[in-house]
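In: Kindly generate the corresponding structure for this input.
(one chain, ligands or ions: 2)
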Amino acid sequence: MKGQVAFIPGAHKIEFHEYDVPPPPDGGAIAAVTQTNVCGSEVHMWRGEYGRRGIMPGHEMSGRIVALGRGVSTDWAGSPVKEGDRIAPVYYTVCNRCANCVVGNHAACINKTFGSRHPDEPPHFTATFATHYFIRPDQHFYRIPENVPDVVASSANCAMSQVFWSLDRGRLAYGETLLVLGAGGLGLHAMAIAKARGARVVAVDAIASRLNQAKRFGADETIDMREYPDFDARHDRIRKLCNGAPDVVLEVAGVPDAFLESLKTVRAGGRVVEVGNISNALQVQVPPSLITFKSLEVIGVATYPPHYLKKSLDFLAINIDRYPYTELCDALFPLSKAAEAMDKSERKEATRAGLLVEQR
Ligand SMILES: [Zn+2]
Ligand SMILES: [Zn+2]
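Out: Numbers count the residues shown, from 1 in each chain. Ligands and ions are numbered 1, 2, ... in the order given. The predicted model follows:
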């Protein structure tokens, strides 16, 4: 059986490489990718921001088990699995032994491993812009609940799980106010989860369609940056709609200025959770005294403890009819049109572009 896997050799270029699909490793599995998405990090890859050696795009996916390795009869939550079952894998592995893992912060595992840099490296299928995906023995994967379609489950193993963990790290509590800067995929997932825990949610963005989606994903109030382009006016508006300063600010706009804005807007003693900025080249000048005098907690979150994927899938199963999850992917392309999907995402013409992988 042959399969294809994508490679970005440099900015705005994509190649598809073909290999024999390897057998599943003992304790692992081979999945056929059914859908994979263009996440924010793929846009950075597409712009060539992650080094000159090229990179394999794709980490959000849903798929179907093609073959199970020896010894595998359940997913990582104990549900029985067989060939043909729909699953979502965590896109990295953690060591369970380092200083962070042993205290439960697996998201900060210092020995986290991702896929290969180049698809030539066996087992080839270690990123999800591909027809197949190689699940390693120590790599968590979970069955997708029956009522959750692939188009929804595909964003659970990055965007959703990451903000689920972010709100836990920010200790967002019942009755508190959350300000979400950025109403893209991460932001929308955060709004729904925040509502489920009884928080008030205010969202800021500059794109009308995203603000509309924010309302539908539970935001109590939205602020259009185009109406409040300068910070002081926006800050007044935030304070009005949040009934004072927000307790927690989630930065998922991915621009450095939004980080500074988080520090300025959060209440004294509040928590800022930084998720969106993932480009080392982008900077903002921050007066550290802002953090000191306001006694702020600033929490960075990349990835999530693997079992948060299970929490996300369970949350989706319960809330699938409550929020318009099926519309989250607002542009679908075949895998062969990945370049077009990333172009559209880069130009922000799509909130979340999905790639449907043809099954043979
Ligand atoms: Zn670790
Ligand atoms: Zn992602």
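
In: Got the domain ranges for this structure?
Out: According to the domain assignment given by automatic domain parsing, the chain is divided into the following structural domains: 2-155+329-356, 160-300.

In: Centre of the chain to the shortest one, how far?
Out: Here the centre of mass of C-alpha atoms in domain 160-300, compared against the chain's by CA atoms, centre = their mean, to the nearest Å, lies 16 Å away.

In: pLDDT score for the residue located most distally from the centre of the chain?
Out: Summary for the chain: using CA atoms, centre = their mean, the residue whose C-alpha lies farthest from the chain's mean C-alpha position is Phe293, with a distance of 32.2 Å. The per-residue pLDDT reported for Phe293 equals 98.

In: Need the nearest residue in space to it, chain neighbours excluded.
Out: The spatially closest residue to Phe293, leaving aside those adjacent along the chain, is Ala268, at 7.9 Å (CB to CB, 6 or more residues apart in numbering). C-betas here are computed from N, CA, C, even on glycine.

In: again, but for Thr303
Out: Here the residue nearest Thr303, using CB to CB, 6+ apart, is Ala107, at 4.8 Å.

In: so what's the residue nearest to Phe293 up against?
Out: With contact set as CB atoms under 8 Å, 6 or more residues apart in numbering, Ala268 has these partners: 245, 293-296.

In: The residue nearest to Thr303 contacts Gly300, doesn't it?
Out: No. The pair Ala107 and Gly300 fails to qualify as a contact (CB atoms under 8 Å) at a distance of 9.7 Å.

In: Comparing those two, which residue is more hemmed in?
Out: A count of neighbours by other CB atoms under 10 Å puts Ala107 above the other of Ala107 and Gly300, at 23 against 14.

In: part of a strand, is that one?
Out: No. Note on Ala107: no strand contains this position according to DSSP: H, G, I helix; E, B strand; the rest coil, which reports helix.

In: measure it to Val298 for me?
Out: To Val298, Ala107 is 16 Å away according to CB to CB, to the nearest Å.

In: What is the three-state secondary structure of Leu263?
Out: Reducing the assignment at Leu263 to three states with three-state DSSP gives helix.

In: you'd agree it is up against Ile291?
Out: Yes. At 6.5 Å, Leu263 counts as touching Ile291 under the criterion of CB under 8 Å.

In: So for the two, which residue has more residues nearby?
Out: Leu263 (21 against 14).

In: Quick check: closest non-adjacent residue to the more buried one.
Out: Taking CB to CB, 6+ apart, and ignoring the residues beside it in sequence, Leu263 has Leu290 as its nearest neighbour in space, at 5.0 Å.

In: and if you look at Val272?
Out: In space, Val272 is closest to Ser262, 4.5 Å off (CB to CB, 6+ apart).

In: Now the element after the top strand by length along the chain, going C-ward?
Out: Among all segments of the chain classified by DSSP state E, the strand with the greatest residue count is strand 29-38. Proceeding C-terminally, strand 29-38 gives way to helix 40-46 as the next helix or strand, assigned by DSSP states H and E.

In: List of residues touching that following helix?
Out: When contacts are defined by CB under 8 Å, 6+ apart, helix 40-46 is touched by residues 8, 11-12, 50, 55, 57-59, 129, 184-186, 254, 276, 278-279, 342-343, 345-346.

In: Pull out the buried residues from those residues.
Out: 8, 50, 55, 57-59, 129, 184-186, 254, 276, 279, 342-343, 345-346 (16 or more other CB atoms under 10 Å).

In: Name the next helix or strand downstream of the helix or strand of the chain with the lowest mean pLDDT, please.
Out: Counting by mean pLDDT, DSSP states H and E, the weakest-scoring helix or strand in the chain turns out to be helix 40-46, with a mean of 91. Using DSSP H and E, the helix or strand that follows helix 40-46 towards the C-terminus is strand 61-68.
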